[in-house]
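> Quick check, what structure comes out for this input:
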Amino acid sequence: MRIKELLKEKGLTQQELADMVGVSYQSMKQTLNASSVTTSTLEKIATALNVPMWQLFASPEEVQPKKDSLSLTCPHCGKDINIKVE
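Numbers count the residues shown, from 1 in each chain. The predicted structure is shown next:
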């Protein structure tokens, strides 16, 4: 998950996020280090950070193709193929 990255991008601490979500710092710390988190908790975190829930997993750059290029993965070798769009 990208929650720690989003905190850095927004200049927030784990304590501030915990306060916004309404949980203790220890609870937030456990959540951020957990291998799985409930959908309800993810929704609260996304709302507190003012981002869509998908951004907790992927950055906008990861889901939006660059306008001047297209990236595909070769089905044979698995390498990335970058195609410049003009």
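
> ok, the residue nearest in space to the middle of the chain - contacts?
Residue closest to the average C-alpha location in the chain (Cα atoms, centre = their mean): Leu56, at 2.8 Å. Counting by Cβ atoms under 8 Å, 6 or more residues apart in numbering, Leu56 makes contact with 1-3, 6, 42, 45-46, 49. Placement of C-beta: from N, CA and C, glycine included.

> Which members of those are classed as buried?
For the contacts of Leu56, a burial check counting by 16 or more other Cβ atoms under 10 Å picks out 2-3, 6, 42, 45-46, 49.

> just these now: which is nearest Asn33?
Using Cβ to Cβ, Ile3 comes nearest to Asn33 of the buried ones among the contacts of Leu56, at 10.3 Å.

> which residues of this structure fall in strands?
Here the chain has its strands, by DSSP state E, at 69-73, 80-84.

> ok, and which of those strands has the densest surroundings?
strand 69-73 (a mean of 11; mean count of other Cβ atoms under 10 Å).

> which neighbours does that one have in its sheet, and in what orientation?
Its sheet considered, strand 69-73 pairs with strand 80-84 (antiparallel) by DSSP bridges.

> Quick check: mean pLDDT of the partner strand?
The average pLDDT for strand 80-84 rounds to 77.

> Residues in contact with the longest helix seen in the chain: which ones?
The longest helix of the chain (DSSP state H) is helix 39-49. Here helix 39-49 makes contact (Cβ under 8 Å, 6+ apart) with 3, 6-7, 10, 12, 17, 20-22, 31, 52-53, 55-56.

> go with 7 Å
3, 6, 10, 17, 20-21, 31, 52-53, 56 (Cβ atoms under 7 Å, 6 or more residues apart in numbering).

> Low-confidence bits of the chain, can you list those?
63-69, 85-86 (pLDDT under 70).

> in this structure, which spans are helices?
Under DSSP H, the chain gives helices at 3-10, 14-21, 25-33, 39-49, 60-63.

> Return the most buried member of these.
helix 14-21 (a mean of 17).

> Give the other helices and strands that that one contacts.
helix 25-33, helix 39-49 (3 or more Cβ pairs under 7 Å, 6 or more residues apart in numbering; DSSP states H and E).
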